[in-house]
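Curious how this folds, go ahead:
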Amino acid sequence: MYNILFCWLSNFFRMILIRRFMQVFFGKEASGKKELIVYGLFYVVNTVLYLVFHLPLLNFVCNLAGIFIITRLYTHTFKINSVVTLLVYFINMGCDTLAVVMFVNNFKEGVVFNQLLGLITDLLLFMCVLAAEKIVTSKKVTDLIIPEHSLALMLIPLISILLFAVLVFDKTSPYNIIFEMETLGLLLINMVVFYLYNGILKAYTYKIDKLMLEQKISMYANQLDTIMKTESKIRGLQHDMKHHIIQLELMAKQNGQSDIEEYLQNMADFMSNPEELVHTGNLDIDSVLNYMISKAKQVLKEVNVKVNIPSDIASHFNINVIIGNLLENAIEAAVNTENKILDIDIHYKQGVLYLDISNSYSNKVTVKKHRFLTSKEDDHKHGIGLNNVKKMVEESNGVLQFCYNEDMFRVKIMMYAE
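Alright, predicted model coming up:
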């Protein structure tokens, strides 16, 4: 009875791990009801066939067919389905083989051996899932949020395997109900850890999404307010245009050229909106730049801006996030210095966007293993950081360079934006 219960639990954990593999490889979740039905059928059929027949060939066919059908939930491209199916199956088979090699000399084929083999396979598969997430999603939001947690989590199944090794090689301990309960307990612990990991990951993802959305809303609100003020001045000028023309005619008849020039200058000053610091015609980029530059002018002594990009430049999410976070980091660094300087140079040439952002800084740069370490109290609250900006630039097939001297910190980026 215990063997059957353990088999159902162990296979259930394996289904959860296979589902996570699919999410890692395909980068998305399948539709709810269909996913539940397919995974549920595979789980039941696979477990029943194993318990009833114990035929390796039948298990082989069932696993391959089941994993292949699961991949069809995510894509209908036969090549991709086949590659992912074989990859997931051979990872599972590799974990199974490694488990056998580790303990084959201490057990003979039997109930206890099968239980131990199944559990060690699940734990090794758990470690492979965490490693795959670390490698495949290294440039995605999950890695931007908790870049080191996956490595720490690998210690849980690893420690579990070591505990099993102690139990197995301890010849004084009989393989009785206590051993079986210890086995079941460690399996449940790892399942709970995996469940908590998913919960933490979702919470951090939600937090980052919320922060980015709030920042984007603030930028758009600022840009909308700027546009509304500009349009209000245009409407006022249109309303009074007749009076302005009459006034200019009178000045012209009186040969008052200097008066006309002064009058036109006053009209230009009236039309200008001091809050519209950048106007490229690209709403997304204008929103980010006007918001961040306005913020910089409030707290810094010197802000120099050169922006020359076309209105039809392809603005995608990464560009806006990169610009926004670089400026946010630069402002936060410059505000803590005596000079309080920020220089921005953004231009576009032959399909390539060039960003050159310099700021005064307090000469405190900590680099560890080629990574910049933040000095912020809450690095999640204040953007995604320079190291992860670098990852986003590389994801967009761009190049990023950091350079700094005693007074100024400089970031130079070149990326395609066609």
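
Every contact and neighbour count from this point should use C-alpha atoms.
OK.

Helices of the stretch 1-150 of the chain, residue ranges please.
Here the stretch 1-150 of the chain has its helices, by DSSP state H, counting those that start in this stretch, at 2-26, 32-53, 56-71, 78-103, 111-136, 141-145, 149-153.

just checking, residue 357 touches residue 342?
Yes. Using Cα atoms under 8 Å, residue 357 makes contact with residue 342 at a distance of 7.5 Å.

Looking at those two, which is more packed in?
Under the criterion of other Cα atoms under 10 Å, the comparison of residue 357 against residue 342 puts residue 342 first, with 28 against 20.

Report the mean confidence score over the helix or strand hosting the more buried one.
Using DSSP states H and E, residue 342 sits within strand 341-349. Across strand 341-349, pLDDT averages out at 92.

which other residues reach the helix or strand following that strand?
Using DSSP H and E, the next helix or strand after strand 341-349 towards the C-terminus is strand 352-360. Here strand 352-360 makes contact (Cα atoms under 8 Å, 6 or more residues apart in numbering) with 326-327, 330-331, 333-334, 337, 339-348, 407-418.

change it to 6 Å
330, 334, 341-347, 407-417 (Cα atoms under 6 Å, 6 or more residues apart in numbering).

if we can go back for a sec, going by contacts, tell me the helices and strands next to the strand holding residue 342.
With contacts taken as 3 or more Cα pairs under 6 Å, 6 or more residues apart in numbering; DSSP states H and E, strand 341-349 sits against strand 302-308, strand 352-360.

Kindly format the C-alpha coordinates of the longest one as PDB.
Once side chains and other backbone atoms are set aside, the C-alpha atoms of strand 352-360 remain, and they are given as PDB (Å, rounded to 0.1, in the frame of the first residue of the first chain):
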ATOM      1  CA  VAL A 352      21.400  52.400 -35.100                       C
ATOM      2  CA  LEU A 353      20.400  54.200 -31.900                       C
ATOM      3  CA  TYR A 354      23.300  55.700 -29.900                       C
ATOM      4  CA  LEU A 355      22.900  56.600 -26.200                       C
ATOM      5  CA  ASP A 356      25.600  58.400 -24.300                       C
ATOM      6  CA  ILE A 357      24.700  59.300 -20.700                       C
ATOM      7  CA  SER A 358      27.200  60.800 -18.200                       C
ATOM      8  CA  ASN A 359      26.600  61.900 -14.600                       C
ATOM      9  CA  SER A 360      28.700  63.100 -11.700                       C
END
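
Distance check, the nearest residue to residue 157 once chain neighbours are set aside against residue 159.
Closest residue to residue 157 apart from its sequence neighbours, by Cα to Cα, 6 or more residues apart in numbering: residue 123 at 5.2 Å. Between residue 123 and residue 159 the computed distance is 10 Å (Cα to Cα, to the nearest Å).

Next: residue 191.
14 Å.

who's more crowded, the two?
Remark: of residue 191 and residue 159, residue 191 carries more neighbours, 23 against 13, as counted by other Cα under 10 Å.

Okay, and the more buried one sits in which element?
Using DSSP H and E, residue 191 falls in helix 177-239.

now the helices for the stretch 251-400 of the chain?
Going by DSSP H, counting those that start in this stretch, the stretch 251-400 of the chain shows helices at 257-271, 283-299, 317-334, 386-395.

okay, these in CSV with mean pLDDT and mean neighbour count next?
As requested, the helices of the stretch 251-400 of the chain are exported to CSV (pLDDT from 0 to 100; neighbours: other Cα atoms under 10 Å):
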stretch, mean pLDDT, mean neighbour count
helix 257-271, 64, 13
helix 283-299, 84, 20
helix 317-334, 85, 20
helix 386-395, 76, 18
